[in-house]
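**Q** need a structure here:
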Amino acid sequence: MMSLGKRIRNEGNKHFSSAMGMLESNPAKSVQFFALAISSYKTALQNVDPVHNDFASCSKNLGISYFRMGSVLYDLESRGTGEPLPSAPSSRNALQEALAHVSSALRAGQNSKSEAWMAALCEEHQQLSDLVLETLLCKPRDERIQVLRKLSSVWSLAHLPRLWYTVAQAHFFIGVAHQQAADFVKSANEFQHTQQAALRGMELYPDVETKQDLTELLEGTSINSCHAEREFLIRNGNAKMHKALLEEEVLDVESLWDALDDFKQVALLAARDLHPLHEAIASCRIGVIFFKCFKLTQPARKYFQNSIQLAISLQPTDVSAEHWYKEAVECEQAIQASTVQQEAKEEHERRGKYMDVLQPLFDRLEAKKKLPFDDFMEFLKTNFPPPRPSTAAAESAPPSAKKILLSAIRAYHPDKHKHGGDDESRKQFYLYEHITKILNEIYCNSDKGATLSGGLPEEKEGSEDEDVDMEEEEEDSESDDADDHGKRGTAGMQV
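**A** Numbers count the residues shown, from 1 in each chain. Sure, this is the predicted structure:
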């Protein structure tokens, strides 16, 4: 005798067959028959025969009926036809019910049903899963995540990795949206949920394609999460710095130190992640705090220079119009100008200690430089002989005025007379510096020695004898300067 559950299930099968026959001709009518079949299968499920284990079969019939009904409803909704009957469920609800019952059938039949039965149901489950994910794509991401998390309890093990990938992907795009809106706290939370969902999917032995998708999603999440963290720290640091600089009557040192910690953390993270833009911004902000707040120019200058160098390394990306870059350049130039001014002031003070002795000598030299060239050079040789005259080889004929002048400039040049720090050597250094200045003036005012009177007439430019003599003098000069090369400039004097 046929059991009650089996008879009711047969009635459901008849309704299901009628519904399938109307799918093409009258989809709205087929929904009504699917509803009748579902009602019959639900009643049959409550009266299953435990001896014959009809639970798996009833669950399968119920799930497939919901699947077919959900497919029809989704198709009608996609075409804008709307729900065919006021009492009909939405396609999403129908498909969710289908997924729950098909998954139950798979679990119930894995030990009692044939491989062919299980294979056919697995294929239905795969198609159903794809359709469920497709219907969720058009929903808001927050709603999609809630539904997917509910379905994770009824989804079959084979499809769970893909489900968690979909959940992780939804969290990821929500995090990106929050990041673009500068809401870094919410974006950080979403990226954290992304990692949790992706890692959960990786733990469920996904297939090759899903595993690759999960890996790429984790990498993208890590990059965006670090980017959001750096942006958050920069924004927090800027707020603390501006509050300390602009809003407080008394400098808020504690806020400045907090801002400094934020910017240093950004610099470390950016250096680790190879993100020169954030590192350049952080270096600029650290320099501003040192320069404008703590008045520490030398540490500030190092950070400004590092910021500018990083900005240059970003080329071809042009950041010259960015506020932080302009601020770094302006502050670095201000520090440089201040340093030059301070050095000039210190040099003037050092020189001022000896001006009582040196000024009469300077006045005397200024008066004598108007003498004819030979007379002036004789005056220098007699009254201010250089301690290290030129050691050029003796010439067979007296040198020209130009050679005499160049030789004198080399002999008196201050680079050859380093002061040892004592007063006497300093006075001598400043005296030779002034003599070299006068000799350079004579050289420049005489068209590089071409119009000087005195000595022998100037030889033709480029003659062999002059080339040889100049080479000898150059070699001698190089030997004299070997120990002093690169230590000090010419103090603004050219030869």
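
**Q** I figured F191 hits F172, correct?
**A** Yes. With contact defined as Cβ atoms under 8 Å, F191 and F172 form a contacting pair (7.2 Å). Bear in mind the C-beta positions are built from the backbone N, C-alpha and C, glycine included.

**Q** okay, and the common contacts of these two?
**A** 221, 224 (Cβ atoms under 8 Å, 6 or more residues apart in numbering).

**Q** so between those two, which is more surrounded?
**A** Comparing F191 with F172 by other Cβ atoms under 10 Å, the one with more neighbours is F191, at 27 against 24.

**Q** what residues are up against that one?
**A** Residues counted as contacts of F191 (Cβ under 8 Å, 6+ apart) are 171-172, 175, 221, 224-225, 228.

**Q** so which of those residues are in helices?
**A** 171-172, 175, 221, 224-225, 228 (DSSP state H).

**Q** now the residues you listed in JSON lines, with pLDDT and distance to A56?
**A** Output for the ones in helices among the contacts of F191, formatted as JSON lines (pLDDT from 0 to 100; distance: Cβ to Cβ, whole Å):
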{"residue": "H171", "pLDDT": "83", "distance to A56": "35"}
{"residue": "F172", "pLDDT": "88", "distance to A56": "37"}
{"residue": "G175", "pLDDT": "87", "distance to A56": "41"}
{"residue": "T221", "pLDDT": "92", "distance to A56": "40"}
{"residue": "N224", "pLDDT": "90", "distance to A56": "45"}
{"residue": "S225", "pLDDT": "90", "distance to A56": "44"}
{"residue": "A228", "pLDDT": "89", "distance to A56": "48"}
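
**Q** kindly reformat those residues as JSON lines containing distance to K6.
**A** JSON lines is the format used below for the ones in helices among the contacts of F191 (distance: Cβ to Cβ, whole Å):
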{"residue": "H171", "distance to K6": "46"}
{"residue": "F172", "distance to K6": "49"}
{"residue": "G175", "distance to K6": "52"}
{"residue": "T221", "distance to K6": "52"}
{"residue": "N224", "distance to K6": "56"}
{"residue": "S225", "distance to K6": "56"}
{"residue": "A228", "distance to K6": "59"}
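
**Q** can you pull out the low-pLDDT segments for the stretch 201-350 of the chain?
**A** 247-249 (pLDDT under 70).

**Q** next, count neighbours for C58.
**A** 28.

**Q** doesn't it fall inside a helix?
**A** Yes. C58 sits within a helix when classified using DSSP: H, G, I helix; E, B strand; the rest coil.

**Q** test my guess that it contacts L45.
**A** Yes. Counting by Cβ under 8 Å, C58 touches L45, with 4.4 Å between them.

**Q** K369 and K437 touch, don't they?
**A** No. Contact criterion Cβ under 8 Å: K369 and K437 do not qualify, at 10.1 Å.

**Q** quick one, helices of the stretch 51-200 of the chain?
**A** 55-78, 91-109, 115-137, 141-151, 160-180, 184-202 (DSSP state H, counting those that start in this stretch).

**Q** mean pLDDT for those helices: which is lowest?
**A** The stretch with the lowest mean pLDDT among the helices of the stretch 51-200 of the chain is helix 141-151, at a mean of 62.

**Q** center of this structure, which residue is that?
**A** H275 (2.8 Å; Cα atoms, centre = their mean).

**Q** quick one, phi/psi of the nearest residue to that residue once chain neighbours are set aside?
**A** Once flanking residues are discounted, H275 sits nearest to R230: 7.0 Å by Cβ to Cβ, 6 or more residues apart in numbering. Here is the backbone geometry of R230 (degrees, to the nearest 10): phi -70, psi -40.

**Q** next, count neighbours for R230.
**A** Counted with other Cβ under 10 Å, R230 comes out at 25.

**Q** dump the residue contacts of it.
**A** So R230 contacts 266, 269-270, 273, 275, 278 (Cβ under 8 Å, 6+ apart).

**Q** check N238 too.
**A** N238 sits in contact with 259, 285, where contact means Cβ under 8 Å, 6+ apart.

**Q** does F67 touch S91 like I think?
**A** No. Using Cβ under 8 Å, F67 is not in contact with S91; the gap is 10.7 Å.

**Q** still on that earlier bit, mind putting the helices of the stretch 51-200 of the chain into CSV with distance to P386?
**A** Below are the helices of the stretch 51-200 of the chain laid out as CSV (distance: least, Cβ to Cβ, whole Å):
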stretch, distance to P386
helix 55-78, 100
helix 91-109, 100
helix 115-137, 90
helix 141-151, 86
helix 160-180, 72
helix 184-202, 70
